[in-house]
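Q: coordinates for the following, if possible.
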Amino acid sequence: MAMPDLDQRRQASLELLRPVCISLMKDVSKEKVRALRDALSQVDDRIAQEIQQYILFPLQTRLRQKDLSESLICEVCEVVVVVFQKTVAASLATFFDTFNPLMFIVTPKDGLQRVVLDFEETKTSLIKAVKQLLKATQEVILSKIYTTEFIPALGQLVAVLLSFAELEKSRAVQKLALDCLLMVLQTDSKFGKKYKYQLAEFFPFCLPGVTMTACRIATGDTKQGHGVIVKALEVFGRVVSLVMQDTSLDKTTSQAWKQGSATTVELQRNQRAQPTARNLSVERSEDWVKATASKVKVLVDQLCKLVSRDNWRVRLGLAELCEQLLTSCSRSLSASVPKLLETLVGLINDPYNNVAKKATGALQAFSTAAAGDSTGAGERTLVEILEENLHGLATSLPRQIRMCGTNIRCVVDSAPHLSRLCLALVQVLELDVRDLRIVEERGQSLDKDPDNFADEHSSTVWKPRKYFKHFRDECILSESLRACRQLGKYGNIHTLVDHLLDLSQSSATYSLATTLVINEMVLGAGCLGEDNDSRDDMSRCINTELLPDVISLLMDEYLSPENLQHLDTVAGESTSTATGESPSLSTALVIVGADRSAEIQQAAVHRNRAVLRLCLHMEGLAKFAMVLGKDRQDHLIRTLYPLVENLGHENLYISSTAYSALVEVARAGGYRTLDCLLRDNADYLVSSVSLRLRHFQLNRRTPQTLCVMLKFCSRELLPQMKRSITQLLDSLDDNYTDDLVLFMPVLLELVKAIARWFPPPRLPPSSQSLSPSQSEKQNDQKNSVLDSQQLKNFLEDYVATKQLAEGNFSDEETNSAMSLEEIEREMKDLAKQKEEEAMDPVVEEEEEKEKEVPPHIVVVKEVFERVRNLLSTKNGRLRVQALDVVSQGVQCLKGTERELLPQVHQVWAGLRPLFQSQEKFIVVKVIFTPPTTNSSCASSPLLGLWLPIRDCHSGYLHTANYKLQLCVLSSVGPLASNLQLDRNHLDEVARLCVPYLDDAQPQALQQVCSGLLYHHSNSHAV
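A: Residues are numbered from 1 along each chain as shown. Below is the predicted model of the structure:
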């Protein structure tokens, strides 16, 4: 009864699939493909295996169609997956009849090595179809496929998967392609374990391509995600351990396997029949193994750099890779074993237990395997790596030095030991100079000097972070610096510094790390740092007598002209940008990313190295001041000017480091603020500035020093700086066309300092809220109000005058009538009094004219005279700086109208054309400049220029025109009040605002205009 039932189900399945397959053969569409997939869900697996060819034929035919769209390819591949989920590939014909059409889809028509598919869904469906086909193929068929005859076919598949894994932007497609590649390798499958040697003989042809691609993926973009990197590491480990496995390379085992394998006989027959495939086959000879091992070593060195990655899964994958290679290929990859062991030792102290356990277990397994080796070569290699790995033992080095104490001098006095120890520290602390942020950081992070930084935590400023080449963990850094301080404390500081200076001169690679090590050693020699709580330990220091001479030697080195020239190479970009001669550092570094030229890369590294060297030198000067304390003021004099000059540097790394160094120098000298430090040493700074301004072309950074002094000092410094300011203005006149950009920040800082030192008088709150016309009316009303006594006197005079007019004279008045001589005398006195009163205003005006103008007002006026002509310059940067100076200068003159109004009238001629500028930022800046809102300068015709034309296209909220409109409409209300516009002009403003009330306009513009009209209506009502 079972057979009739099976026949009936087979007949029912055929009747269900026949119309669908016939329709799919005639024409292809998504609906027909989906109908076939739905029909397959109703077919039993056993029956589907029997009619497998009937189902696959229309699918294979459509996959060979040239003009098939990607959406249809995706649908067909999904049906192929469903078919092989129900059936198995029981013959070579079934496998390749499906495999070849799938490869035909991704084969470029022009012969180029690229994938022609565009959509992510299509690639995903194709990879899933190939993966399911391999999974559904029987072991007997796979044993025939993994032979020399089919190397071209599988080689094409490997190339396609590698292309997907490396070039595809989708992480899902990358991971799926790498998973499919692992399926091709068959390392985890039952077939792979059974036919391990056959696969090892088959895959050498693709070993270079797979390993190099996997290495590029793993060490490439860090933003691609840990999942892709871990998969790439797994692929690398599987293919290398498969091909380079020690057991499979054993000649006796391999030869015995070849003689006893029937597949090898068939393989040799296929090699004779297929010359092309025979050329692709690779024989694993002894020479080939040696050459391949040397090339794999290069890739292993690159992959071991992943030990510093932040993601613990990547480090875990690296540990598994090292374990796999050490377990399977320790003899064939003997050149890579030290690096693999070094990586595992570095991962022993990983903060994640899974990584640490995996690394520890791998080392124990390798040690156990090496112990069973009769030669003992593996055990000796492990011992040597553990002894020489100072990077992994960085946490124990400071403790060992402290335990040795003064006995460490024996190591320092020995030249070989000293060289090895210093070289190890320098290599561990090697800085990464490829970071673009080193020279790209710009800004002013120092807004003001704190009132008191006697407490070390009260002065907060952005501190640049150092990036090291071999690690990222802060614990390793702190322990390494601690080791340097311990060496400086217990060793001979003079010997250590002398050897490190020679090491720095020997190679530019070591210059940064040696400077960092020297700074920490000097700090330790002074018994300062994290290891010492206070300066009380100075009595126990053995280098106290040597320190002043060593520090003097180091200061000569740090402040030498050779090191200052490195600063000029970094600073030269600011002056060249001002004249438009060469691109900035940021532009140059962008070119590095696009151009692989070694010369450009070397230039960028040189600039980064110069910035870091300068920062380390300034940190060293601060540490020297901490060690010397208040007793050595000569150190302060030598270091003060370079630190103050660098504090004004536009590079944020340099300026922040200079500020931190100055804070430490001030603390060491007993100063509570930078103001106190600069004021007490102002005579030295002013003299240095004056000397350098006389030779400005050789000292182009001198204006930075003035900027810093003006920014951080109080008004008591102005009399001492008057001469330098005058000299600066004279230098500006002499270098008017070349170096304006260098002088403008000083002028801006000067007017800011004057505004801070001499604030304008504040008006009462009631007068600040009133317009000029309202305040004038209020004053008239106050003057018209009379008290009771004045009213009484007025009425009495009025009554007496009226009686005299009517002729009513009393006897008392007649008897008291004055004589003619008395009347004449009184009239002369009145005339003389009037004449004196008339002369008083003239005298007062003359006295006011004779009054001297305050010195700070004179300075502001001189600045105005030099800046107002720059408002019409073609250099946009200069225009912006000039507007800033004018705006700040008006604030300085706000309390002196006699000096303010003439300057504003002179500046207005340069401001008016800027309202027609094509640069919207300039127009906005002009609108907010104080002279624009002054009633004596602006006039109503300008309103037509300020209000831009209506525009509301798509994406308008992100345009400069919209921002300009919002700025103008927000400021036109207060402007109209200050200009005292009459009703006609206010109506004109209202008419210009009406179009912005349209619903099509942006909501922000509608709200601003509504508020403006409401304000005007209230003004009319008043």
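
Q: can you list the buried residues in stretch 879-897?
A: Residues of stretch 879-897 classed as buried by neighbour count (16 or more other CB atoms under 10 Å): 879, 881-893, 896. For glycine as for every other residue, the C-beta is placed from the backbone atoms N, C-alpha and C.

Q: quick check: phi and psi at Leu431.
A: With angles defined as degrees, to the nearest 10, Leu431 sits at phi -80, psi 150.

Q: doesn't Lys466 make contact with it?
A: Yes - using CB atoms under 8 Å, Leu431 is in contact with Lys466, at 6.1 Å.

Q: show me which helix or strand of the protein is least confident by mean pLDDT.
A: helix 585-594 (a mean of 37; mean pLDDT, DSSP states H and E).

Q: roughly how far apart are Lys711 and Trp757?
A: 12 Å (CB to CB, to the nearest Å).

Q: who's more crowded, those two?
A: Lys711 (20 against 16; other CB atoms under 10 Å).

Q: so where do the strands sit in the stretch 351-500 of the chain?
A: Remark: no strands are assigned in the stretch 351-500 of the chain by DSSP state E, counting those that start in this stretch.

Q: which regions of it sit below the pLDDT cut-off?
A: 371-407, 435-462 (pLDDT under 70).

Q: where do the helices sit along it?
A: 353-371, 377-388, 397-404, 408-413, 415-428, 437-440, 474-490, 493-506 (DSSP state H, counting those that start in this stretch).

Q: go through stretch 155-175 and flag the buried ones.
A: Within stretch 155-175, the residues scored as buried using 16+ other CB under 10 Å are 157-166, 168, 173-175.

Q: ok, these vs Tyr653, which is closest?
A: Using CB to CB, Glu166 comes nearest to Tyr653 of these, at 35.6 Å.

Q: report the contact partners of the closest one.
A: By CB atoms under 8 Å, 6 or more residues apart in numbering, Glu166 lies in contact with 213, 216-217.

Q: now do 10 Å
A: By CB atoms under 10 Å, 6 or more residues apart in numbering, the contact set of Glu166 is 174, 177-178, 212-214, 216-217, 220, 228, 232.

Q: go on, Ser241?
A: Each residue near Ser241 by CB under 10 Å, 6+ apart is listed here: 187, 200, 248, 321, 324-329, 332-333.

Q: I'd like to know which of those residues are buried.
A: Here, 16+ other CB under 10 Å leaves 187, 200, 248, 321, 324-326, 328-329, 332-333 buried among the contacts of Ser241.

Q: which one in these is the model shakiest on?
A: In terms of pLDDT, Ser248 ranks lowest among the buried ones among the contacts of Ser241, with 79.

Q: per-residue pLDDT, Glu776?
A: With respect to pLDDT, Glu776 has a value of 47.

Q: all strands for this protein, in order.
A: For the chain, no strands are identified by DSSP state E.

Q: where does pLDDT dip in the stretch 751-900 of the chain?
A: For the stretch 751-900 of the chain (pLDDT under 70), the answer is 761-791, 802, 804-824, 826-828, 830, 834-851.

Q: all the helices of it, residue numbers only.
A: So, for the stretch 751-900 of the chain - with DSSP H, counting those that start in this stretch - the helices run 765-768, 772-784, 788-806, 811-815, 820-850, 855-867, 876-892, 897-911.

Q: neighbour-wise, which of Leu431 and Lys466 wins?
A: Higher neighbour count among Leu431 and Lys466: Leu431, with 22 against 16, using other CB under 10 Å.

Q: so what's that one closest to, chain neighbours aside?
A: Nearest non-adjacent residue to Leu431, counting by CB to CB, 6 or more residues apart in numbering: Leu512, 4.7 Å away.

Q: Leu306 now?
A: Nearest one to Leu306, counting by CB to CB, 6+ apart, is Leu318 at 5.1 Å.

Q: how close does that neighbour sit to Ala365?
A: Leu318 is 16 Å from Ala365, by CB to CB.

Q: more neighbours: those two, which one.
A: Leu318 (29 against 13).

Q: neighbours of Asp549, how many?
A: Asp549: 11 neighbours (other CB under 10 Å).

Q: cool, Gln42 as well?
A: By other CB under 10 Å, 10 other residues sit near Gln42.

Q: give the contact list for the residue lying closest to it once chain neighbours are set aside.
A: In this structure, Gln42 finds its nearest non-sequential neighbour in Leu16, 6.5 Å apart by CB to CB, 6+ apart. Applying CB under 10 Å, 6+ apart to Leu16 gives the contacts 38-40, 42-43.

Q: next one: Ser970
A: For Ser970, the contacting residues are 927, 1004-1005, 1008-1009, 1011-1012, by CB under 10 Å, 6+ apart.

Q: just those now: which is nearest Leu207?
A: Using CB to CB, these come closest to Leu207 at Ala1004, 63.3 Å.

Q: quick one: the closest residue to the closest one other than its chain neighbours from Ala1000, how far?
A: Computed as CB to CB, 6+ apart, the closest residue to Ala1004 that is not its neighbour in sequence is Leu966, at 5.9 Å. Leu966 is 16 Å from Ala1000, where distance means CB to CB.

Q: could you check which of these two is surrounded by more residues?
A: Applying other CB under 10 Å to Leu966 and Ala1000 shows that Leu966 carries more neighbours, namely 18 against 8.

Q: from Val1008, how far out is that one?
A: Counting by CB to CB, the gap from Leu966 to Val1008 is 7 Å.

Q: ok, now Ala976?
A: Distance from Ala976 to Val1008, by CB to CB: 14 Å.

Q: of those two, give the one with the bigger neighbour count.
A: Between Ala976 and Val1008, Val1008 has the larger neighbour count (other CB under 10 Å), namely 22 against 19.

Q: picking that back up, can I have the buried ones of the contacts of Leu16 as a ChimeraX selection?
A: Buried members of these, defined by 16+ other CB under 10 Å, are picked up in ChimeraX with:
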select :39,40,43
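
Q: quick one: which of the contacts of Leu16 is nearest Ile151?
A: Leu40 (33.6 Å).

Q: these two touch, right, that closest one and Phe84?
A: No - applying CB atoms under 10 Å as the test, Leu40 and Phe84 come out as separate, 11.0 Å apart.
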